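>>> let's see this in three dimensions:
(chains A, B and C)
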Amino acid sequence: MRLKWVALCTAAMIALPMAAAEAAELRIGFTADALTLDPANHRNRETQTIIRNMHDGLLTRDSQMNVVPELAESWTALDPTTYEFKLRRGVAFHDGSPMTAADVKFTFDRLTGEGAMDGQTSPRKSLLGPLKEVKVIDDRTFHMILEEPWPILPAMLPFQEVVSKAHVEKVGTAGMAGSVSGTGPFKLVEWRRGDSVIMERYDGYYGGAADIPPMGKACVDRVIFKVIPENASRVAALLAGDVHIINGLPTHNVKQVESNPNTRVMAVNGTRSTFIALNNQTAPFDDLRVRRAVAYALDRKLIVDKILDGNATLIDGILSPDAFGKNEALPTYGYDLAKAKALLAEAGHADGIDVTLDVDGANKETAEAIASLLTKAGIRTKVAVNEASQLKARYRTKGKPIDGQMWLTSWGNGSLDPVGIFVPTHRTAGRGNSSGYSNTEVDALLDAANTETDRAKRASLYARAEAIVNKDLPKVYLWVAKDLYGVSNQVAGWQPSADSRINLHDACLK
Amino acid sequence: MTDAVSRTELDLAGLRTESLFARNMRLFATSRLSLVSAGVVLAFILMALAAPLFAPHDPNETDLFRRLQPPAWMPGGEWAYLLGCDALGRDILSRIIYGARVSIFIGAAVILVATTIGTLAGLAAGYLRGWTDIVISRLVDILLGFPYLIFAIALIAMTGPGLGNIILALAYKEWVIPCRVVRGETLAAREIEYVEAARAMGGSRRYIMLREILPNILSPVVVVSTVRMAHVIILEASLSFLGLGVQPPTASWGSMVADGRSFMLDAWWVSTFPGLAILLLVLSINVVSQGLRDAFDPKFHD
Amino acid sequence: MKLGKLFERLVQLLPVLLGVSAIVFIMMTLTPGDPVDIMLGDQHVTEEQEQALRKDMGLDLPPLERFVKFIGNAATGNFGLSFYHRQPVMEVIASRLPATIELSLAALVFALALSIPLGVIAAVKKNSLLDRLATVSSLFGVSLPGFWFGILLLMLFAVHLNVLPVSGRAGFSSEVPPITYLLLIDTLLHGRFDAFGDALAHIVLPAVTLGLPMASILMRVTRASMLEVLEQDYITFAEAKGLSRYKILVKHALKNALIPTVTVAAIETGSLLGGNMVVETVFGWPGLGRLVVESIFVRNYPLIQAAVLIYAVTYVMLNFFADILYTVLNPRVRL
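A predicted model of the protein is given here:
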């Protein structure tokens, strides 16, 4: 008995330093650094991805993109403009203080109030639409009150994280940029700006969303987001074993990562729709026949197979196949060279047309492939590479004259709700309406859907709108590319997520 | 500050050192290499001019079924596409041959513009002195205060990429370098007897500047321009790396290296061969420039 | 005399800084691209919400008013908030500047360590095979596109041989409390030799990539000035006195020959700061250059303004420093 005790002690003494030396440290090779660590003071996907491992939200999404409660236990719509939320019990911030409804109210007041962040206004305010106020009922209950019906509130809440009132009041908005006291599975250790964000497991974690097993503390001891912007370097870091997960795996490296015995590729349907915006305001693309000719001339499948190595799903409308309200019965514009030429001739361009396809540097290759296919159909296309910011200014004119003919571009939609993509890209004078498209019927359908609280009715409104744009073809809809991750075989329990979040709570290292 | 700078600029070009004997010896020793290098540069120029004769394929002909095809000697390669194909299935060898046109043209155009402007400004500043000098020198200071690439990026962000704008973005600041050299040399030449004699004989300022001083300071200008031309070709590559290179489908070596860099792990040939082309040409220009420097050194002619 | 010169230089600095600011401002105003729209990204946003953000970023004012306000604030050291980080520009820059300084210094040290011995040997063994080899190979350094060479190094040492890390500034487990904010020095001050080795392994490839062109230039300068010095009377005199060759080289010749080398090195360090952005991108180095390039692409005006001013001041000061050095070291030159 005594001997056993000594043996155990010795084993523990030997094991302890070894465990410390071999602490499970999960490293992510990531494309960009966080801009700030303040969840309310940015408008940036990468920042959100990093922060979300230290901060939890009221709601979150599972890997199938369903909205599920996280810090909230449940929610119900009392009426179209009032939602009641119940908070979980036993949630504590990293500094040990309990989270209550007062913290939630503080969080949302800070997000929506003008100048509420020591004089700054949160750039995330617009992600909360018509949210008027948060009313605290008791420590665990609160109401969210809207100015008008806004059915996508639950879909938008995963984008916001709850902060600690006491902590914010202590460090101020200036201090929030570099410090974290959240409710997430990891605590901040150090932020080396431009280089890495280092986190360690938070042992007081409440366990995470009940609908996403396993519950409990995070599996690994430490997590490091290592910033590696250059594609080849990021892939090299994975192959060399420096990091365990990389995002933004280029399609041409897929075979390499797969053939490496220590790594594998994980893919998830993305949320970004890629399309060619055609300038509907002026010739030649003010003519529907010419727009359709472009669609028929384009062998989209060939490009997806060759350039994207098959890692994309073709679309015939603006919405991703996973989006709410997607019209499943859209007719497709298949590759048909003869039809394209006939349509061109019918439009009075029997000798073909000369056009310029604008593109930013990152998508140059795809644009060149598209141009060479279109040229074969008599749409002689020149590619012009320009800086993305400049192209946005030229094409996203909110109804004013567009300076250009066609633009290979895309629009992301992390919420997978049509409001985030259909409205801005197709409503008259919308922010992302880079075609100068205007159809009063589409506008009316989109407006009606915006406040329609009946899910089925709302979905059918979008489906009808998508059928119209599929016919009008203001843009040539191309595909939704998969998000590709390179993952070490040491990693277990982790799933990529369609909203490009990298949730490391469940990830383990073998 | 310009004094020290132009001094060191001359040190760089090696114009103020070494005895006649050393010069002779070294000239002898390196001339063969210079000749070979000049031959290489000429060969590249010839290749650029007669690109259609040399190129086995249309450099812009895409074929997605040949995407990233390896060079001929590797499995999967074929001899018709000697150096393999790029991401759009275009023949890399043909693109290198045609790309020589763009790279050499950008280098030459930038240097021509910059040297002309810089020499005239430097002459004026160094000879006229006074306000002309102050204004030009201040402008030089301001432009030098910008890191080269930041300025070029900002300028291209403003005007949009394209061959003309790239030349503009590189020449905009490049003229400062010959300007500083010429100003320093002019300051020195001003005091030399024959210039003073010309002045005493009532020569006009323009006559003295262009006929008396210019010919005597031409050698450092030529040396500096060749060195800088080599540098400009590299800068063009850097601009391409930052996504601001020439417009497709035109190939420049810089854009080929930059576009191919993400394939380094799986298709190294896409960026390696154009990179080697840059290395060979720029190295040859630099060796020639060194040889020119030796041959042109004023001490040598004294 | 010296003080007067310093004062004069500082006065000269002002119009340069004002000119640089004005040029940057005009360029940014003329460049298409709306920071508000870029920041909002792909979302549905109402017009009022967009205007509120515009006001928050101070972009609702007419350009001239913005410029006057910027100059006024800059004079008091306030460069405003970075649009994207939404923190004071100076804080953001300060967080990235040490990495850039450290890389530039490492490149400088590498360049000096390589170029001075090579330059001296080439000069002493003038016209030998060694000399010619050194001279021609020094030309290699200025004949390579930096990013291409960097990627080649990375492929060789980090991927194929797997002896050096691929990217970044320091390893994952080597946090040391900052003292100078230069990792190579801080780790030593803390006696953390493991962390020092780690930091060194990370900086080798970027420093070599960045320092090689400079080494080429410095090698040629050293060689040329060494040749000049070796032909001076006092060296001949020393030789006549029968001093050992080694003593002459090190005690007399090298000391004088290094003046131009050091001067050129000071000036070139300024251009290192500017050339950093390409190398920083390839090696994921968390420096200022990368930040500035990213800022130009997203139209982060306040940060671009401040960074360009920093570059300009550094450049002018380094030149001034080079002038002083030249005068102090070389009594033959009058400023």
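>>> what does the stretch 51-200 of chain C have sitting close to chain A?
C:52-53, C:56, C:81, C:84-88, C:91-92, C:95-96, C:99, C:151, C:154-155, C:158-159, C:162, C:165-170, C:172-173, C:175 (Cβ under 8 Å from any Cβ of the partner chain). Backbone N, C-alpha and C define where each C-beta goes, glycine included.
>>> and chain C, is the helix or strand harbouring residue B:233 touching that?
Counting by DSSP states H and E, the element that carries residue B:233 is helix B:214-241. Yes. Contact of helix B:214-241 with chain C is found when judged by Cβ under 8 Å from any Cβ, involving B:230-231, B:234, B:237-238, B:241.
>>> which other residues reach whichever helix or strand comes after that helix?
Going down the chain from helix B:214-241, the next helix or strand is helix B:253-260, by DSSP H and E. Helix B:253-260 is contacted from outside by A:364-365, B:86-87, B:92, B:95-96, B:99-100, B:102-103, B:233, B:236-241, B:243, B:245-246, B:267, B:270-272, B:274-275, B:277-278, C:145, C:147-148, using Cβ atoms under 8 Å, 6 or more residues apart in numbering or on different chains.
>>> count the residues that sit near the closest residue to chain B within the stretch 301-450 of chain A.
Proximity of the stretch 301-450 of chain A to chain B (Cβ to the nearest Cβ) peaks at residue A:361, 3.3 Å away. Other residues near residue A:361 come to 19 when the count uses other Cβ atoms under 10 Å in any protein chain shown.
>>> can you check the one 3 residues further on too?
Counted with other Cβ under 10 Å, the neighbours of residue A:364 add up to 22.
>>> right, and it touches residue A:385 too?
Yes. If you go by Cβ atoms under 8 Å, residue A:364 and residue A:385 touch, sitting 5.3 Å apart.
>>> okay, whichever residue of the stretch 201-302 of chain B sits closest to chain A: pLDDT?
Taking Cβ to the nearest Cβ, chain A has its nearest neighbour within the stretch 201-302 of chain B at residue B:243, 3.3 Å off. Looking at residue B:243, its pLDDT stands at 79.
>>> contacting residues for it?
A:360-362, A:385, A:387, B:258.
>>> any idea how far residue B:254 lies from residue A:288?
For residue B:254, the distance to residue A:288 equals 41 Å [Cβ to Cβ, to the nearest Å].
>>> show me which of these two is the more surrounded one.
More neighbours surround residue B:254 than the other of residue B:254 and residue A:288, with 30 against 15 (other Cβ under 10 Å).
>>> nearest to residue A:405, of the residues of helix B:214-241 next to chain C?
residue B:241 (28.3 Å; Cβ to Cβ).
>>> was I right to think the closest one contacts residue C:150?
No. Residue B:241 lies out of contact with residue C:150 (Cβ under 8 Å); the separation is 10.0 Å.
>>> identify the contacts common to these two.
In contact with both residue B:241 and residue C:150: residue C:278, using Cβ under 8 Å, 6+ apart.
>>> now do the helix or strand in which residue B:53 is found: which elements does it pack against?
If you go by DSSP H and E, residue B:53 is part of helix B:51-54. Helix B:51-54 sits against helix B:92-128, with contacts defined as 3 or more Cβ pairs under 8 Å, 6 or more residues apart in numbering or on different chains; DSSP states H and E.
>>> and the angle from the helix it packs on to helix B:214-241?
Helix B:92-128 runs at 140 degrees relative to helix B:214-241, counting by axes from the mean of the first three to the mean of the last three Cα atoms, to 10 degrees.
>>> find the nearest non-adjacent residue to the closest residue to chain A within the stretch 51-200 of chain B, please.
At 4.0 Å from chain A, residue B:64 is the closest residue in the stretch 51-200 of chain B, using Cβ to the nearest Cβ. Excluding the flanking residues, the one nearest residue B:64 by Cβ to Cβ, 6 or more residues apart in numbering or on different chains is residue A:306, at 4.0 Å.
>>> do stretch A:345-359 and chain C meet?
No. Using Cβ under 8 Å from any Cβ, stretch A:345-359 stays clear of chain C, coming no nearer than 12.6 Å.
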